[in-house]
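# my questions are about this predicted structure, shown below with the sequence.
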Amino acid sequence: MSLASALFKLPTFSSLYSASASLPLSGAPLIRRSSLQVSSKRPLPFARAITRSVVTMGDAPDAGMDAVQRRLMFEDECILVDEDDRVIGHESKYNCHLWEKIESKNWLHRAFSVFLFNSKYELLLQQRSATKITFPLVWTNTCCSHPLYRESELIEENVLGVRNAAQRKLLDELGIQAEDVPVDQFTPLGRMLYKAPSDGKWGEHELDYLLFIVRDVHVHPNPDEVSDVKYVNREQLKELLRKADAGEEGLKLSPWFRLVVDNFLFKWWDHVEKGTLKEAADMKTIHRLI
């Protein structure tokens with residue numbers, strides 16, 4: 001039996017918990033999609049996006065949650081790990097992001113953050129959808145999500161499971177086809193452990209894999225996941241940082257993106273431009289940024 005197969009048989013930690021309803025924050029997009037040429041056509045995997053109605057399920061947990069987000073929160077099973085990134089179980093995305101569970105049980109789950117650059121070495125950013133449960137409408141790196149508790153995303157050799165998950169979510173969130181982002185083109189540069197509350201009810205406690213890739217891609221944002229997109233160069237990103245620090249235009253950045261920016265991004269950007277990303281990789285260290 002393979003390691004991934006053995007891990008896949010680990011028992012779940014608990015059943016779902018009920019919680020009071022939480023409405024997503026609202027606000028206007030801060031950077032218009034007109035700054036980026038994108039296709040008006042979206043591929044078939046986004047057919048599910050038509051189910052944007054509010055769920056009405058009586059006393060069900062978070063009955064007012066957006067239908068798509070509710071399905072993802074209860075059906076997706078995140079990979080629980082210890083602080084040394086050893087798999088110890090799995091739990092629903094819903095439970096993994098409840099701040100009371102993070103605080104009381106210290107649940108930590110595996111995640112990834114993709115930084116995609118085009119051939120001009122500009123970084124693709126996204127603004128998260130207003131219907132996202134955690135950190136709605138904040139600006140962040142290209143794609144941020146979780147490898148799921150499934151055999152193809154538990155493969156640890158060469159970080160293949162996380163790379164498979166990144167390819168899946170780039171299609172789901174941004175409509176980037178798999179052939180445009182081959183799994184062997186992702187360069188894992190490091191891992192960081194962080195914790196961040198969102199709105200009092202929700203938050204993140206993640207062991208985050210940082211994946212870089214340089215590709216020219218066609219972007220078809222999925223409105224269930226992404227409110228806006230924009231490529232930025234270094235100076236434009238620094239201006240976004242300045243505005244976020246000054247509280248201008250209500251602009252906010254995700255806490256994990258800000259940690260990467262403050263600790264790693266600009267020196268790694270040098271390696272992007274020089275074509276020497278693999279020289280910057282350190283997958284042995286877990287940067288504990290709590």
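Now that the structure is in, tell me what you want to look at. Numbers count the residues shown, from 1 in each chain.
# how about Asp228: what's its closest non-neighbour residue?
Computed as Cβ to Cβ, 6 or more residues apart in numbering, the closest residue to Asp228 that is not its neighbour in sequence is Gln127, at 4.1 Å. Bear in mind the C-beta positions are built from the backbone N, C-alpha and C, glycine included.
# tell me which element the one you found falls in.
strand 123-128 (DSSP states H and E).
# list the contacts of the helix or strand following that strand.
Following strand 123-128 in sequence order, the next helix or strand is strand 139-140 (DSSP H and E). With contact meaning Cβ atoms under 8 Å, 6 or more residues apart in numbering, strand 139-140 is reached by 30-31, 113, 125-128, 240, 244, 251-254, 256-257.
# what's the answer for stretch 173-186, then?
Contacts of stretch 173-186 (Cβ under 8 Å, 6+ apart): 39, 42-43, 45-46, 114, 116, 126, 142-143, 145, 159-160, 163-164, 166-167, 170-171, 211-215, 217-222, 225-226, 229.
# which ChimeraX command selects the buried ones in the residues you listed?
A single ChimeraX command suffices to select whichever of the contacts of stretch 173-186 are buried according to 16 or more other Cβ atoms under 10 Å:
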select :46,114,116,126,142,143,145,159,160,163,164,166,167,170,171,211,212,213,214,215,217,219,220,221,222,225,226,229
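# so Phe115 lies in a helix, does it not?
No - per DSSP: H, G, I helix; E, B strand; the rest coil, Phe115 lies outside any helix segment and is strand.
# burial check on it, number of neighbours?
A count of nearby residues for Phe115, using other Cβ atoms under 10 Å, gives 25.
# tell me the contacts of it?
Counting by Cβ under 8 Å, 6+ apart, Phe115 has contacts Leu123, Asn141, Thr142, Leu210, Leu211, Phe212, Ile213, Val260, Leu265, Trp268.
# try Tyr121
Val214, Asn233, Trp269, Val272, Glu273.
# what mean pLDDT does stretch 137-157 get?
For stretch 137-157, mean pLDDT rounds to 97.
# return the set of buried residues in that stretch.
137-150, 153-155.
# then stretch 122-132?
Glu122, Leu123, Leu124, Leu125, Gln126, Gln127, Arg128, Ser129, Ala130, Thr131, Lys132.
# cool, stretch 232-249 as well?
Those would be Val232, Gln236, Leu237, Leu240, Lys243, Ala244, for stretch 232-249 by 16+ other Cβ under 10 Å.
# now do it: distance to the chain's middle.
Between the centre of stretch 232-249 and the centre of its chain there are 21 Å (Cα atoms, centre = their mean, to the nearest Å).
# repeat for stretch 198-211
With Cα atoms, centre = their mean as the basis, the mean position of stretch 198-211 lies at 9 Å from the chain mean.
# could you pull out the buried residues of it?
Those would be Ser198, Lys201, Trp202, Gly203, Glu204, His205, Glu206, Leu207, Asp208, Tyr209, Leu210, Leu211, for stretch 198-211 by 16+ other Cβ under 10 Å.
# tell me if the fourth one really is in a strand.
I take that to be Gly203. Yes - according to three-state DSSP, Gly203 belongs to a strand.
# contacts only, for it.
His97, Leu98, Trp99, Ile102, Thr134, Lys195, Ala196, Pro197.
# can you list which of those residues are found in strands?
Lys195, Ala196, Pro197 (DSSP state E).
# now render these as CSV, adding distance to Ala67.
Below are the ones in strands among the contacts of Gly203 laid out as CSV (distance: Cβ to Cβ, whole Å):
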residue, distance to Ala67
Lys195, 29
Ala196, 26
Pro197, 25
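# closest one of the buried residues of stretch 198-211 to Leu189?
Leu210 (5.0 Å; Cβ to Cβ).
# tell me the secondary structure for that closest one?
strand.
# sweet, I'm off.
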